[in-house]
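Enquirer: return a 3D structure for these sequence lines:
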Amino acid sequence: MKLDNTKELPETMAAASNNHNEAGQDQATMPVFAEDPDAATESGENQIPESETPPSDVDDSVNAPAATEPAEMPVKDDSNEASESDKSITEEKTEEKTENENPADVAETVPETQVRTESVTTNPPPANNQNGNWGIVGIILLVIAALGAALAVIILRKRKDEGTGKKQKYETIAETVVQQNTPGLQIECGVAQTIGKREQQQDSLYCSNWKDPKALMTRGLVAAVADGIGGLVDGHLASQGAMQAIRSAFLEGSSDDSPSDRLLTYAAAAQKSVLQINQTSNCGATLVSVLITGKTMQFLSIGDSRIYLYRAGALLQLNREHILRRTNEEKETFYGTGEKLTKKRAGALTSYLGKENLTLIDRSLQPITLLPGDRIALMSDGVFNTLSEREIMAHLRRNPETAAQEMIQDVDVHANPIQDNASVVVIGIE
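Expert: Below is the predicted model:
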């Protein structure tokens, strides 16, 4: 109801302006009667007809015969019956009464006909004209303020209607714009590794350029860790060949496919590279990899290396390890056909790069939404077999570069006499 009354506001103000204009004219002319009490009295006397003007020098005896003639007798009898002394007394009372009355009272007692006569005076006093002008200016300002208020209400009402009637449409448009123009989250990476107690470094890792905003927008970021299998020969060649294949496929391949398909293509390139090496050797390697595009991430793993997501103080392993212990647990639980395994045999790989007819691949089919403060850690078994999850979380609270360096330093501090190669890539989302 407020909106409807506001729309009628200009017409109401126009009517008020006319009323104020008339009042302004009254106020401009009414002080004429109150400016000087004597002047007000004289103005009243000027309205007396000439026939009623009392003679000043004519003797009463001379006027007496004229009063007896009905044809020449004035309408008012008191002008002929009053004596000179009575008239003077009357005038003195009139002046005394006028002096005791304030200007406003005098103005109110003036006859209506007299007020109307003064309101059309062509030359009102300058002071009264100034008061009238100020009144008009005030009215104009009020009208302008009212129009501004009415316009503001109309605009607010229009916006409200648009927000109510087209809310869903605007939300859809806004979501589309964000998806098209948002470059993604700020990304930082840290990498580190140690040879441990082994004679050769068989781990390899790769992280694409995270400092180039254009590259992040067009291709995203890929990170990977490959752990060469020590039980086979030339494990270092397998891990290095896998990283080189992934790097080439990422930089030279198409970025039009879905992130999940792209990551699968990179793994296929790594498998092909290791199989080529195996034509003259017998090697293999595990693989964990992630691809970040915009604000989401996809992952893929083959073997027993791990991918962790650290978020809000909690550590979550994303991938499943391809080792005999996991398979045996499932057989025993579902079919009762599990076998008793030694510790060494329980950790044997059931899937890895370089294996013929590779089928066990763990990967995400739906993207994982990343949030500011997230940490993604890709690591070989030389890290998580030495450090507890509590220790890993403590390091992941730091910035990515510091987290990676201190995590590997912590592995060396444990001084495991049979320490394996240890490698880690830490990705920070800000």
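
Enquirer: which SS class is Leu205?
Expert: strand (DSSP: H, G, I helix; E, B strand; the rest coil).

Enquirer: tell me the pLDDT at it?
Expert: Note for Leu205: predicted pLDDT of 97.

Enquirer: the closest residue to Gly220 other than its chain neighbours bridge partners, please.
Expert: Leaving aside its sequence neighbours, Gly220 sits nearest to Thr293 (C-beta to C-beta, 6 or more residues apart in numbering; 3.8 Å). Every residue, glycine included, has its C-beta placed from N, CA and C. Counting by DSSP bridges, Thr293 is bridged to Thr296.

Enquirer: isn't Gly190 right next to Ile408, touching?
Expert: No - if you go by C-beta atoms under 8 Å, Gly190 and Ile408 don't touch, sitting 10.1 Å apart.

Enquirer: quick check: neighbours shared by these two?
Expert: Taking C-beta atoms under 8 Å, 6 or more residues apart in numbering as the criterion, Gly190 and Ile408 do not both touch any residue.

Enquirer: which residues touch stretch 387-398?
Expert: Stretch 387-398 is contacted by residues 308, 310, 313, 315, 375, 377, 383-384, 403, 406-407, 410-411, 414, 426 when judged by C-beta under 8 Å, 6+ apart.

Enquirer: buried set for that stretch?
Expert: Buried positions in stretch 387-398, judged by neighbour count with 16 or more other C-beta atoms under 10 Å: 387, 391-393, 395-396, 398.

Enquirer: ok, the residues you listed vs Leu287, which is closest?
Expert: Ile392 (20.2 Å; C-beta to C-beta).

Enquirer: look at that closest one and give its secondary structure.
Expert: Assigned by three-state DSSP, the conformation of Ile392 is helix.

Enquirer: which per-residue confidence value corresponds to it?
Expert: 97.

Enquirer: kindly report the same for Ser254.
Expert: 87.

Enquirer: can you tell me the SS state at it?
Expert: Under three-state DSSP, Ser254 comes out as coil.

Enquirer: skip the chain neighbours and tell me the closest residue to it.
Expert: The nearest residue in space to Ser254 (C-beta to C-beta, 6+ apart) is Arg262, at 8.0 Å.

Enquirer: that neighbour touches Ser255, doesn't it?
Expert: Yes - judged on C-beta under 8 Å, Arg262 makes contact with Ser255 at a distance of 7.0 Å.

Enquirer: between these two, which is the more surrounded one?
Expert: Between Arg262 and Ser255, Arg262 has the larger neighbour count (other C-beta atoms under 10 Å), namely 22 against 11.

Enquirer: give me the pLDDT for the more buried one.
Expert: Per the predicted model, pLDDT is 96 at Arg262.

Enquirer: again with Leu341
Expert: For Leu341, the model assigns a pLDDT of 85.

Enquirer: just confirm it contacts Arg326, I think it does.
Expert: No - at 11.0 Å, Leu341 does not count as touching Arg326 under the criterion of C-beta under 8 Å.

Enquirer: quick check, pLDDT for Glu8.
Expert: In this prediction Glu8 is given a pLDDT of 39.

Enquirer: what's the answer for Gly165, then?
Expert: pLDDT, read off for Gly165, is 55.

Enquirer: the residue nearest to Ser254: what secondary structure?
Expert: Taking three-state DSSP, the label given to Arg262 is helix.

Enquirer: contact partners for it?
Expert: Contact partners of Arg262, counting by C-beta under 8 Å, 6+ apart, are 253-255, 291.

Enquirer: please report how far it lies from Tyr310.
Expert: Using C-beta to C-beta, to the nearest Å, Arg262 is found at 25 Å from Tyr310.

Enquirer: just the strands in this structure please.
Expert: Counting by DSSP state E, the chain has strands at residues 187-194, 203-207, 221-228, 285-293, 296-302, 306-311, 314-317, 362-363, 368-369, 375-379, 422-429.

Enquirer: nearest to Ala215, of the ones you listed?
Expert: strand 221-228 (8.1 Å).
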